[in-house]
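Enquirer: predicted coordinates and the sequence they were generated for:
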Amino acid sequence: MDTIKNYLENMFFHLPKTEEVLRAKAELGEMMEDKYYELLKEGKTDNEAIGIVITEFGNLKELSKELGIDDIVNEDQLEKESKNSRIVTSTEVNQYLEDGKKFFQFIGFGVMLCIYSPLLLIFLESLTETNILGEGYQEKLEACIGIPFLFIFVAIAVGIFIYQGMKFEKYDYLKKEFFSLEFGVEEELKLKFEDQRSTSIVKIIAGVVLSILSVLPLIIIGEILNWSSITSFLSISFLFIVGIAVFLLITGGGELNSYHVILQDGDYTISKKNKNKFADKIGAIYWPIITCIYLIWSFSTMNWGFTWIIWPVAGVLFGVIGSICSLVKGDKEV
């Protein structure tokens, strides 16, 4: 039945949201639903019933007069609809899921590199705290080794983000446009989703647990026992664990997200795709600003073991900003 509802949404996607059109859409939806359940009672399979319903009610141009919207449904609108709607085949779906899995693995690895980039600087600072190196020599090591190490890791990560983003750009239409899955693909895809869900959820849970546990050494040893001499080493272990946790969260969440995209549910339903476009425009400005703030703050304080906190805070703030903007935009549309 979800396939029929999606097909109905596609039929009316490009028509104006007038009372007349909404009434016709609801009327046609009832007709399709009645026919679907009637076919099931006759002994038709789910796929057979869906195919018959779409064949009988799938041509809006032929039904427009009966629905009372023939003056709205014109050739230009139908041509626009046909150009912007596409059928996604089973081969395309499998390729997208495979590429999506690799994409989020690379993105997770790139984020890990960003988190690990200040580790050598923190380590060199710890040598000064333990009096192994003189202060002047330690500063030279930071300038000659620590900072280049940081920039190399960040540069590799940025290169990964850009390359993978350009490579994965070909699938943008799945997130931004409405499409229909090839007949019979949706049921197969839902079964795969159920198999994948448990693995992805385990990754997400492991990532959350590691994120929580990562602060324990800092709290127990650094604060309670007040072992200031090894605080830097604890910061290194903290960032190392956080890097693994973030990788698990990105890959696990990304795998689930890929299925939501291709099934057009969750944050990728037809009604939410226009809102997602708006969020993308905000993100294109927001994240470069956050990156600049992070670098300026980190280099001015040289406290790389703490300034990383800007990323989770920025993530939460971005979600709040996106929600507010969506509500404002939604009010205007109403």
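Expert: Perfect, I can see it now.

Enquirer: so which helix or strand takes in the spatially most central residue of the chain?
Expert: Against the mean C-alpha coordinate of the chain, by C-alpha atoms, centre = their mean, the closest residue is residue 257 at 5.8 Å. In this structure, residue 257 sits in helix 231-263 according to DSSP states H and E.

Enquirer: average model confidence for that helix?
Expert: The pLDDT scores in helix 231-263 average 84.

Enquirer: ok, now stretch 56-71?
Expert: 72.

Enquirer: try stretch 172-191
Expert: Mean predicted confidence for stretch 172-191 is 78.

Enquirer: just the C-alphas of it, formatted as CSV.
Expert: Extracted in CSV, the C-alpha atoms of stretch 172-191 (Å, rounded to 0.1, in the frame of the first residue of the first chain):
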residue,chain,number,x,y,z
ASP,A,172,21.8,13.8,-4.8
TYR,A,173,18.6,13.3,-6.7
LEU,A,174,17.6,10.5,-4.3
LYS,A,175,17.6,13.0,-1.4
LYS,A,176,16.1,16.0,-3.2
GLU,A,177,13.7,14.6,-5.8
PHE,A,178,10.8,12.3,-5.7
PHE,A,179,11.3,8.9,-7.5
SER,A,180,9.6,5.5,-7.8
LEU,A,181,11.3,2.2,-7.2
GLU,A,182,11.1,-0.4,-9.9
PHE,A,183,8.2,-2.8,-9.4
GLY,A,184,8.9,-5.4,-6.7
VAL,A,185,12.1,-3.7,-5.4
GLU,A,186,10.6,-2.1,-2.3
GLU,A,187,9.6,-5.3,-0.6
GLU,A,188,13.1,-6.8,-1.2
LEU,A,189,14.7,-3.6,0.1
LYS,A,190,12.6,-3.6,3.3
LEU,A,191,13.9,-7.2,4.0
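
Enquirer: list the buried residues for it?
Expert: 174-175, 178-181, 185-186, 189 (16 or more other C-beta atoms under 10 Å). C-beta coordinates here come from the backbone N, C-alpha and C atoms, glycine included.

Enquirer: columns distance to residue 91 and secondary structure on top of those, output as TSV?
Expert: Output for those, formatted as TSV (distance: C-beta to C-beta, whole Å; DSSP: H, G, I helix; E, B strand; the rest coil):
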residue	distance to residue 91	secondary structure
174	14	helix
175	19	helix
178	20	coil
179	14	strand
180	15	strand
181	12	strand
185	10	helix
186	15	helix
189	13	helix
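
Enquirer: mind putting these into a markdown table with distance to residue 33?
Expert: Formatted as a markdown table, the buried residues of stretch 172-191 follow (distance: C-beta to C-beta, whole Å):
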| residue | distance to residue 33 |
| --- | --- |
| 174 | 27 |
| 175 | 28 |
| 178 | 20 |
| 179 | 22 |
| 180 | 18 |
| 181 | 19 |
| 185 | 22 |
| 186 | 17 |
| 189 | 22 |
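
Enquirer: among those residues, which one lies nearest to residue 214?
Expert: Here the nearest of the buried residues of stretch 172-191 to residue 214, counting by C-beta to C-beta, is residue 175; it sits at 31.9 Å.

Enquirer: residue 5 versus the residue nearest to the closest one when sequence neighbours are not counted, what's the distance?
Expert: Distance criterion C-beta to C-beta, 6 or more residues apart in numbering; nearest residue to residue 175, sequence neighbours excluded, is residue 261 at 5.7 Å. To residue 5, residue 261 is 18 Å away according to C-beta to C-beta, to the nearest Å.

Enquirer: between the two, who's got more neighbours?
Expert: Comparing residue 261 with residue 5 by other C-beta atoms under 10 Å, the one with more neighbours is residue 261, at 18 against 13.

Enquirer: show me what contacts that one?
Expert: For residue 261, the contacting residues are 96, 100, 174-175, 268, by C-beta atoms under 8 Å, 6 or more residues apart in numbering.

Enquirer: what does residue 266 give?
Expert: By C-beta under 8 Å, 6+ apart, the contact set of residue 266 is residue 260.

Enquirer: quick check: it vs residue 257, distance?
Expert: In terms of C-beta to C-beta, residue 266 sits 8 Å off from residue 257.

Enquirer: intersection of neighbour lists for those two?
Expert: What both residue 266 and residue 257 touch, as defined by C-beta under 8 Å, 6+ apart, is an empty set.

Enquirer: and the residue nearest to residue 175, how far from residue 54?
Expert: Distance from residue 261 to residue 54, by C-beta to C-beta: 23 Å.

Enquirer: which stretches of the stretch 51-200 of the chain form helices?
Expert: Remark: helices assigned in the stretch 51-200 of the chain by DSSP state H, counting those that start in this stretch are 60-67, 75-84, 90-116, 119-129, 135-141, 147-168, 172-176, 185-213.
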